[in-house]
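Undergrad: predicted structure and sequence below. I'll ask about it afterward.
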Amino acid sequence: MTGQANITPVVVRLKLSLLRNGLKQSGGRRAAYVVSAVIVVLFGALQLLGLIALHGNDHALSVVALLVAVLALGWAVMPLFFPSGDETLDPTRLVMLPLRPRPLVRALLMASLVGFGPLFTLLLLIGSVIAVAHGGAAYAVGVVAVVLALLVCVALARAVAAANIRLLTSRKGRDLAVLSGLVIAIGAQLVNFGAQRLGSSGLSQLDPVADVLKWVPPASAVGAVDSVSEGSYGVAVAQLALSAVALYALIAVWSRHLTKLMTAPDGSTLQAATDRPTTRERTSGGLARLLPAGRTGTVMERSLRYIWRDPKTKAAWVTSLAIGLIVPVFNALQGTGSIYFACFAAGMLGIQMYNQFGQDTSAFWMVATTISSAHDAYVELRARALALLVITLPYTTLVTVLTTAMLDDWPRLPQALGLSLALLGAMMATGAWTSARFPYSIPQEGYKNVVPGQTGLAWISIFGGMVSAALLCSPVIAAAIWAGIAKNGDDWAWLLLPFGAAYGTTLTWTGLHLAAPRTAARLPEILTAVSKG
């Protein structure tokens, strides 16, 4: 192809066209884009000012070395958790064009510099260089360091994407994006915990880490600026060389995977039919053998498969499991926790009982045809609740015991666990009732969990049910308060565990029996409500 080496401007214009055409799809998308741009620019500018304020600080290198390393880690995992964030991450879209790997790599690398991510990274790298630079020579090396570090970050993201593109474009790859919420939640808590520790003990704790990271690309490029500031020119050359070698290696890996993607057939979905288990073989073993017989076991298996396979359901569960563990554990680590924070696990997991029929969408008609009486509806709801309890009961117990161990507050373990079990039972009861009374549709596409026009139903279902569950638990809460303030309350506190378990079981049984006749009577209304997505 003539002019093969000049395709860079074409690919850059392609990237700009993709951005522009995406904004033309709707006014809401344009508004979100503008808001995102303002947030990125403002936050990046604030970070830049904060890094500039570090100029002259004895521990500036410790901060910026860690910052650049975390930045590079973010670029590495971005394609895995947000595979649809950049259409040009998938080079197989260009497989039919007569393009050679070397000019294509160069063009895609330049196109990767277009966007808010590179702009934000550039602001942080400039601030990092200013924080550690002293003298004209250091600022001159800083220009090279910024360019080199930015290219390493971008090349890292491209190499990771090219190496995993078969996974990212598959169903399992899309499900991988579900974990992004978990990573963000844990990362935010780690940053908060680290900031509190640094605030109490100072930045000197970062010095040992910085001594290692300043030799790890791309942080080594910023480390070279600090070395020049101190007059260690030989060390600076070695650190810049490390980043340059890393950039070359990443581009080589990227080019090799790119060549394979552009020339090799995709055999990832090919598999001999004799190697695939039949439907009967898959459903008759393992999980199915452990479940009860009849309708109860069938419904439980279906619910558990929803949790494992449906992206929206999986996302909700991952978020609930993460928050239910993060809140009590990180508060205990920070020394501000309470054993009763373990109830967050029961509360977050109990929410999964709400809107049980919404996850069925229009396929609920198959469930509706099997319900001819209140008893059938009761068995259906009971089986769904049992499927949730298979996960929620051991997880709630685990979080409560772990929080107790971290706080070393074993005498109050029965109180906390009893209260958690009572809350879980109350949420099972209110969840069953609101599933029948306030069902709503979950969209199959997009990131929203409620279709337009049903947001009010969702709020009433979830928050109304949570408030009702808290009120239903008031006897157990009152008993826990009495055990904490009464003179001889500690002698009777252990009774809160059996009391909470029995009370939660009674609430669940009562809620299911109250919701069953309403479910059987409102099957057409439920089907209409959950079929709007």
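TA: Thanks, I have the structure now. Numbering: from 1, shown residues only.
Undergrad: only C-alpha atoms from now on, for both contacts and neighbour counts.
TA: OK.
Undergrad: and the chain, split by domain according to the record?
TA: For the chain, automatic domain parsing gives the domain ranges 4-263, 285-530.
Undergrad: tell me where the stretch 151-300 of the chain has strands.
TA: For the stretch 151-300 of the chain, no strands turn up when DSSP state E, counting those that start in this stretch is the criterion.
Undergrad: shaky segments in it?
TA: Flagging of the stretch 151-300 of the chain using pLDDT under 70 yields the residue ranges 165-205, 261-288.
Undergrad: tell me which stretches of it form helices.
TA: Using DSSP state H, counting those that start in this stretch, the helices of the stretch 151-300 of the chain run over 165-168, 171-176, 179-201, 207-213, 219-229, 233-263, 279-284, 287-290, 294-309.
Undergrad: and the strand or helix carrying Ala315, what does it pack onto?
TA: Per DSSP states H and E: Ala315 is located in helix 311-333. Applying 3 or more CA pairs under 8 Å, 6 or more residues apart in numbering; DSSP states H and E, one finds that helix 311-333 contacts helix 179-201, helix 294-309, helix 343-350, helix 374-407.
Undergrad: hang on, the earlier thing: weakest of the domains of the chain in terms of mean pLDDT?
TA: Note on the domains of the chain: lowest mean pLDDT is at domain 4-263, with a mean of 79.
Undergrad: centre of the chain to that one, how far?
TA: Here domain 4-263 shows a centroid-to-chain-centroid distance of 20 Å under the convention CA atoms, centre = their mean, to the nearest Å.
Undergrad: next: stretch 479-487.
TA: 39 Å.
Undergrad: which residues touch that stretch?
TA: 415, 419, 489-490, 492-493, 496 (CA atoms under 8 Å, 6 or more residues apart in numbering).
Undergrad: can you select the buried ones among the residues you listed for me in ChimeraX?
TA: The ChimeraX command for the buried members of the contacts of stretch 479-487 (criterion: 16 or more other CA atoms under 10 Å) is given here:
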select :415,419,490,493,496
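Undergrad: CA atoms only: put the helix holding Ala315 into PDB for me.
TA: Provided in PDB are the C-alpha atoms of helix 311-333 (Å, rounded to 0.1, in the frame of the first residue of the first chain):
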ATOM      1  CA  PRO A 311     -24.200  -9.400  34.000                       C
ATOM      2  CA  LYS A 312     -26.700  -7.000  35.800                       C
ATOM      3  CA  THR A 313     -27.400  -9.500  38.600                       C
ATOM      4  CA  LYS A 314     -23.700 -10.400  39.000                       C
ATOM      5  CA  ALA A 315     -22.900  -6.700  39.200                       C
ATOM      6  CA  ALA A 316     -25.400  -6.100  41.900                       C
ATOM      7  CA  TRP A 317     -24.100  -9.100  43.900                       C
ATOM      8  CA  VAL A 318     -20.400  -8.100  43.500                       C
ATOM      9  CA  THR A 319     -21.200  -4.600  44.700                       C
ATOM     10  CA  SER A 320     -23.200  -5.900  47.700                       C
ATOM     11  CA  LEU A 321     -20.500  -8.400  48.700                       C
ATOM     12  CA  ALA A 322     -17.800  -5.800  48.400                       C
ATOM     13  CA  ILE A 323     -19.500  -3.000  50.400                       C
ATOM     14  CA  GLY A 324     -20.800  -5.500  53.000                       C
ATOM     15  CA  LEU A 325     -17.200  -6.500  53.700                       C
ATOM     16  CA  ILE A 326     -15.400  -3.200  53.100                       C
ATOM     17  CA  VAL A 327     -17.400  -1.000  55.500                       C
ATOM     18  CA  PRO A 328     -16.900  -3.000  58.700                       C
ATOM     19  CA  VAL A 329     -13.400  -4.200  57.900                       C
ATOM     20  CA  PHE A 330     -11.900  -0.900  56.900                       C
ATOM     21  CA  ASN A 331     -13.500   0.900  59.800                       C
ATOM     22  CA  ALA A 332     -12.000  -1.700  62.100                       C
ATOM     23  CA  LEU A 333      -8.600  -1.200  60.500                       C
END
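Undergrad: list the buried residues of that helix.
TA: Using 16+ other CA under 10 Å as the test for burial, helix 311-333 gives 311-332.
Undergrad: wait, Leu527 touches Ser362, no?
TA: Yes: if you go by CA atoms under 8 Å, Leu527 and Ser362 touch, sitting 6.7 Å apart.
Undergrad: and Val146, how close does it get to Pro292?
TA: Distance, Val146 to Pro292, by CA to CA, to the nearest Å: 62 Å.
Undergrad: which one's more surrounded, those two?
TA: Val146 (24 against 14; other CA atoms under 10 Å).
Undergrad: ramachandran coordinates for that one?
TA: In terms of degrees, to the nearest 10, the main-chain angles of Val146 are phi -60, psi -50.
Undergrad: related to what we said a few turns ago, what about Leu527 and Ser362, which has more around it?
TA: Remark: of Leu527 and Ser362, Leu527 carries more neighbours, 24 against 18, as counted by other CA under 10 Å.
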